[in-house]
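A.B. asks: requesting a structural model of the entry that follows:
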Amino acid sequence: MNHSNTVLVTGAAGFIGAALTQALMRRGQHVVGIDNLNDYYPVSLKRARLARIAEQQGEAGQFRFIEMDFSDQAALDNALSGVEFSAIVHLGAQAGVRYSLENPQAYVASNLAGHVNMLELARARQVAHMVYASSSSVYGGNAKLPFAVDDRVDHPVSLYAATKRADELMSETYAHLFRIPLTGLRFFTVYGPWGRPDMAMWKFAERMFSGRPIDVYNHGEMRRDFTYIDDIIAGVLACLDRPPTDDHAPKAGGSTKPHALYNIGNHKSEQLMRLIEVLEDACGVKANINMMPMQPGDVPATYADIAALTQDVGYAPTTPIETGVPHFVDWFRKYHGV
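C.D. replies: Residues are numbered from 1 along each chain as shown. Now for the predicted structure:
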């Protein structure tokens, strides 16, 4: 593998990681993918994503997969001994807001210890750039909409959110001490083909097709900035190609170090009930709705101010839910044979 053209991607069997790996390969780049294939959701889906990547690369040998847990420092060093790469996209994490109420230790290991391990790796290898996944959940119950990267984010409402904010703070320290170019991306509700079964859109589709009621929280008074996977990947690639400069000028998010923070969303906050209508049209099924109270750790609304990302890298999402949701449903039908 040509290491100057090689990117290390963590969470490579995940939703965003697999899509990014394919996009990097389409650009002619090589990818070393890491994933521990944990069973937070069915491993069969992760393996199916990896199989697609393998098909795409054919005999080209652009992709090398290493099954391992990056929260284990010794295992990480051992697995990557002699493996060369020039940049890192660190997407691997223990995901999910609600699960963090049940299994906090998984978040501490993956999102805190694991993030430090990746920062240490970036430092040891002197990589040109590390892009890492943060989350819109860092905004907590922020009442000011849209959420801007300059807003204060000191009041997380879930442990998951707290770990993602901690990742941003640790990254700031590494950018300061070791001048490593780092970019944190606060992802807003990502959806699309090959998505995650723990996300609302998948759960809704699954229940609608099997004739079961869907649980709608906060009695439907929820808004989300639903962002289609292709738009997300375009934004991640644009960021990867533009490491923040070490020029002491303020970056997005306020750092004067080579560390930028961006919102990456659709810049459109959709009513959850509107999403359900679009899903009903795409599925050809009427949803049987079970209205529920707000869940602990959840927030009523998310809405991304993407001005900084647009200004710095030209990010311009183009996919409304009216286009993206039918794409997801088409894929969902094929994958499940419904």
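
A.B. asks: how about residue 133, what does it touch?
C.D. replies: Residue 133 sits next to 11, 16, 90-91, 93, 164, 184-185, 187 when contact means Cβ atoms under 8 Å, 6 or more residues apart in numbering. For glycine as for every other residue, the C-beta is placed from the backbone atoms N, C-alpha and C.

A.B. asks: CA atoms of stretch 270-283 as CSV?
C.D. replies: The C-alpha atoms that make up stretch 270-283 are tabulated as CSV, following Å, rounded to 0.1, in the frame of the first residue of the first chain:
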residue,chain,number,x,y,z
GLU,A,270,-37.8,18.4,10.3
GLN,A,271,-40.8,17.7,12.5
LEU,A,272,-40.8,14.0,13.4
MET,A,273,-44.4,13.7,12.4
ARG,A,274,-43.4,15.0,8.9
LEU,A,275,-40.7,12.3,8.7
ILE,A,276,-43.3,9.7,9.5
GLU,A,277,-45.5,10.9,6.7
VAL,A,278,-42.7,10.7,4.2
LEU,A,279,-41.9,7.2,5.5
GLU,A,280,-45.5,6.1,5.2
ASP,A,281,-45.5,7.3,1.5
ALA,A,282,-42.3,5.5,0.8
CYS,A,283,-43.3,2.2,2.5
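
A.B. asks: can you list contacts of it?
C.D. replies: With contact meaning Cβ under 8 Å, 6+ apart, stretch 270-283 is reached by 200-201, 204-205, 208-209, 214, 216, 220-226, 286-287, 289, 321-322, 325-326, 328-329.

A.B. asks: helices along the stretch 1-150 of the chain, start to end?
C.D. replies: Residue ranges of the helices in the stretch 1-150 of the chain, as given by DSSP state H, counting those that start in this stretch, are 15-26, 43-57, 73-79, 104-107, 114-125.

A.B. asks: can you give me the buried ones in the shortest one?
C.D. replies: Within helix 104-107, the residues scored as buried using 16 or more other Cβ atoms under 10 Å are 106-107.

A.B. asks: tell me the bridge partners for residue 191.
C.D. replies: residue 228 (DSSP bridges).

A.B. asks: before we move on, the earlier item: so which of the helices of the stretch 1-150 of the chain is nearest residue 315?
C.D. replies: helix 15-26 (14.6 Å; Cβ to Cβ).

A.B. asks: which neighbouring elements make contact with that closest one?
C.D. replies: Judged by 3 or more Cβ pairs under 8 Å, 6 or more residues apart in numbering; DSSP states H and E, the packing partners of helix 15-26 are strand 6-10, strand 30-35, helix 43-57, helix 229-240.

A.B. asks: roughly how far is the last one from the heart of the chain?
C.D. replies: If you compare the mean C-alpha spot of helix 229-240 with that of the full chain, they lie 11 Å apart, counting by Cα atoms, centre = their mean, to the nearest Å.

A.B. asks: that helix - what's its average pLDDT?
C.D. replies: When pLDDT is averaged over helix 229-240, the result is 98.

A.B. asks: circling back: mind checking which of the contacts of stretch 270-283 are buried?
C.D. replies: Counted by 16+ other Cβ under 10 Å, the contacts of stretch 270-283 give 200-201, 204-205, 208-209, 214, 216, 222-226, 287, 321, 325, 328-329 as buried.

A.B. asks: hmm, back to that, turn the helices and strands packed on helix 15-26 into a markdown table, including distance to residue 112.
C.D. replies: A markdown table is the format used below for the helices and strands packed on helix 15-26 (distance: least, Cβ to Cβ, whole Å):
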| stretch | distance to residue 112 |
| --- | --- |
| strand 6-10 | 14 |
| strand 30-35 | 17 |
| helix 43-57 | 23 |
| helix 229-240 | 22 |
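
A.B. asks: out of these, which is closest to residue 316?
C.D. replies: Per Cβ to Cβ, nearest to residue 316 of the helices and strands packed on helix 15-26: helix 229-240, 8.3 Å.

A.B. asks: need the CA coordinates for the closest one. CSV is fine.
C.D. replies: The C-alpha trace of helix 229-240 is given here as CSV (Å, rounded to 0.1, in the frame of the first residue of the first chain):
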residue,chain,number,x,y,z
ILE,A,229,-25.4,9.6,4.2
ASP,A,230,-24.1,10.8,0.8
ASP,A,231,-24.1,14.5,2.0
ILE,A,232,-22.3,13.4,5.2
ILE,A,233,-19.6,11.6,3.2
ALA,A,234,-19.0,14.5,0.9
GLY,A,235,-18.5,16.7,4.0
VAL,A,236,-16.1,14.3,5.6
LEU,A,237,-14.0,14.0,2.5
ALA,A,238,-13.9,17.8,2.1
CYS,A,239,-12.7,18.2,5.7
LEU,A,240,-10.1,15.4,5.3
